[in-house]
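**Q** Sequence and predicted structure, then a few things I'm wondering about:
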There are 2 protein chains.
Amino acid sequence: MTRNLLLISNSTLHGSGYLDHCADEICKFLGNRKTVLFIPYARPSGITYDEYTKVARERFEKMGFKLTGIHEYKNPKEAVKSAEAIFIGGGNTFVLLNGLYKADIIDEIRIKVKDGMPYIGTSAGSNVACNSIKTTNDMPIIYPPSFDALNLASFNINPHYLDPDPKSKHKGETRETRIKEFHFFNSEYVVGLREGAMLHIKGEYVTLKGTTGARILIKGKEPKEFKPGDSLDFLLKK
Amino acid sequence: MTRNLLLISNSTLHGSGYLDHCADEICKFLGNRKTVLFIPYARPSGITYDEYTKVARERFEKMGFKLTGIHEYKNPKEAVKSAEAIFIGGGNTFVLLNGLYKADIIDEIRIKVKDGMPYIGTSAGSNVACNSIKTTNDMPIIYPPSFDALNLASFNINPHYLDPDPKSKHKGETRETRIKEFHFFNSEYVVGLREGAMLHIKGEYVTLKGTTGARILIKGKEPKEFKPGDSLDFLLKK
């Protein structure tokens, strides 16, 4: 397997612009590829595919890449088949996964990624790359045909991971409590990927990148902290 | 229709014990009824039905009511049929709704509530009383057969409603942004019920109770603030 994925927690980090905090990693990751296929299905704040693609296109052009929205093609399957690299942006994870099922491109993306096509995801786009969307933070505003996702990696991600705030008076569950509840019914590893963190998966190797680290939650065990640069290959060994 | 529902945002308010902030309302609401049927399906933090029922039983006994868990009956349908009042506690909304479908008691609860049986919900238990669970805050750790809920009221609730924190550096969506995204795909009114707030629905009348107020979000309109004691009958007129 020659999969090659860059799974980013968040597209915009506090104090900087869209994709600024991960632009260097994206450029290095894409190497000498020239074009990127963008999937705008997650529609953050409900914006249209055109509006979302415009934002992504301008940012990728600044990095030196040509970007096209999948909705600009007649046939989304053919668009995936001919893609040099793919970028799935954030927004609502349920809307995104529903869009992937509706366009019937799940198998095409799997085949291409297995074949080495670079995959970039941010937020919801990182969720859907993994085993399921069962650890998304998003509101279930659309009922998708399944919570099973692309399964390009066997674990799950919780993007925008938040540490508990000891001063909070709010009684809603903390992120860690929610993920512990997930582990009452599921056994996949969960990577709590803080804003500013990302994972690079290359074949059977996983490296934690970015600046803020990650907390990994394993069923029945104490959560573990990892720092930028750490190898997380064990995530794929389960 | 003689429905009678008390839908509470949260079971525990900062600085007080389980159900303390709503105990007076619950006593008034239940009046001279003596027994309550408890549905522990939402399993907060993954606790068992027995453990959860013990917590609820002790609190309701303190208020002067006898409480039994639905899992203590051989036949959950019969348990609902013979119930004098029902209380559905919080936890994970997906796990709860899945449990209601699995026990096949959705129709029984609807019939009983239409017939005047008092219904108390906290958090996830308030979510499932409404049109759908599409405005829950919970993680989708189980895939239920549908997001359609009991529909005892035609609107939706967002419990534990959180106002945006102007100082936050976190770039995950605010609650209001998430509900606006809901309104790109759905048209139900959404009651953002702050911790400490509750709704009393009696027939076609809705009153906001508690201490903290609510923010009501309507598709295509500016959100509106309401304060304790306000009449919200318009919620049922859509």
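**A** Yes, it's here. Numbers count the residues shown, from 1 in each chain, chains lettered A, B, ... in the order given.

**Q** What is the subsequent helix or strand relative to the worst-scoring helix or strand of chain A on mean pLDDT?
**A** The weakest-scoring helix or strand in chain A, judged by mean pLDDT, DSSP states H and E, is helix A:175-185 (a mean of 95). Going down the chain from helix A:175-185, the next helix or strand is strand A:190-194, by DSSP states H and E.

**Q** can you tell me if that next one touches chain B.
**A** No: if you take Cβ under 8 Å from any Cβ of the partner chain as the test, strand A:190-194 misses chain B, and the best it gets is 9.9 Å. The way it works is simple: take the backbone N, C-alpha and C, and place the C-beta from them, glycine included.

**Q** surely A:A79 meets A:L37?
**A** Yes: taking contacts as Cβ atoms under 8 Å, A:A79 lies within contact range of A:L37: 5.9 Å.

**Q** Overlap of the contact sets of those two?
**A** The contact sets of A:A79 and A:L37 overlap at A:T68, A:I70 (Cβ atoms under 8 Å, 6 or more residues apart in numbering or on different chains).

**Q** so what secondary structure elements neighbour the helix with the most length in chain A?
**A** In chain A, with assignment by DSSP state H, the single longest helix is helix A:49-62. For helix A:49-62, the packing partners by 3 or more Cβ pairs under 8 Å, 6 or more residues apart in numbering or on different chains; DSSP states H and E come out as strand A:35-39, strand A:66-69.

**Q** need those in a markdown table with distance to A:K221 and mean neighbour count, can you?
**A** As requested, those are exported to a markdown table (distance: least, Cβ to Cβ, whole Å; neighbours: other Cβ atoms under 10 Å in any protein chain shown):
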| stretch | distance to A:K221 | mean neighbour count |
| --- | --- | --- |
| strand A:35-39 | 35 | 23 |
| strand A:66-69 | 41 | 17 |
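
**Q** Could you say which one of these comes nearest to chain B?
**A** Chain B lies closest, by Cβ to the nearest Cβ, to one member of these: strand A:35-39, at 17.4 Å.

**Q** How about the contacts made by the residue lying farthest from the centre of chain A?
**A** Here the centre of chain A is the reference, and by Cα atoms, centre = their mean the most remote residue is A:K169, at 30.7 Å. Shown in contact with A:K169 (Cβ under 8 Å, 6+ apart): B:H14, B:G15.

**Q** before we move on, back to that, buried sites along the longest helix of chain A?
**A** For helix A:49-62, a neighbour-count test (16 or more other Cβ atoms under 10 Å in any protein chain shown) marks A:Y49, A:Y52, A:T53, A:V55, A:A56, A:R57, A:R59, A:F60 as buried.

**Q** related to what we said a few turns ago, sort out which residues of the least confident helix or strand of chain A are buried, please.
**A** Under 16+ other Cβ under 10 Å, the buried positions of helix A:175-185 are A:R175, A:E176, A:R178, A:I179, A:K180, A:E181, A:F182, A:H183, A:F185.

**Q** tilt between it and strand A:190-194?
**A** On the basis of axes from the mean of the first three to the mean of the last three Cα atoms, to 10 degrees, helix A:175-185 is oriented at 160 degrees to strand A:190-194.

**Q** Any residue of helix A:175-185 touching chain B?
**A** Yes: Helix A:175-185 is in contact with chain B by Cβ under 8 Å from any Cβ, via A:T177, A:R178, A:I179, A:K180, A:E181, A:F182, A:H183, A:F184, A:F185.

**Q** Distance check, the most centrally placed residue in chain A against B:S9.
**A** Centroid-nearest residue in chain A, with Cα atoms, centre = their mean: A:S126, separated by 0.9 Å. Counting by Cβ to Cβ, to the nearest Å, the gap between A:S126 and B:S9 amounts to 31 Å.

**Q** shaky segments in chain A?
**A** Of all residues in chain A, those with pLDDT under 70 make up the ranges A:1.

**Q** show me where it has strands.
**A** Here chain A has its strands, by DSSP state E, at A:4-8, A:35-39, A:66-69, A:86-88, A:119-122, A:156-161, A:190-194, A:197-202, A:205-210, A:214-217, A:224-226.

**Q** hmm, back to that, check which helices and strands the least confident helix or strand of chain A sits against.
**A** strand A:156-161, strand A:190-194, strand A:214-217.

**Q** The last one: partners in the sheet, and parallel or antiparallel?
**A** For strand A:214-217, sheet partners with direction are given as strand A:190-194 (antiparallel), strand A:224-226 (antiparallel), following DSSP bridges.

**Q** No more questions from me, cheers.
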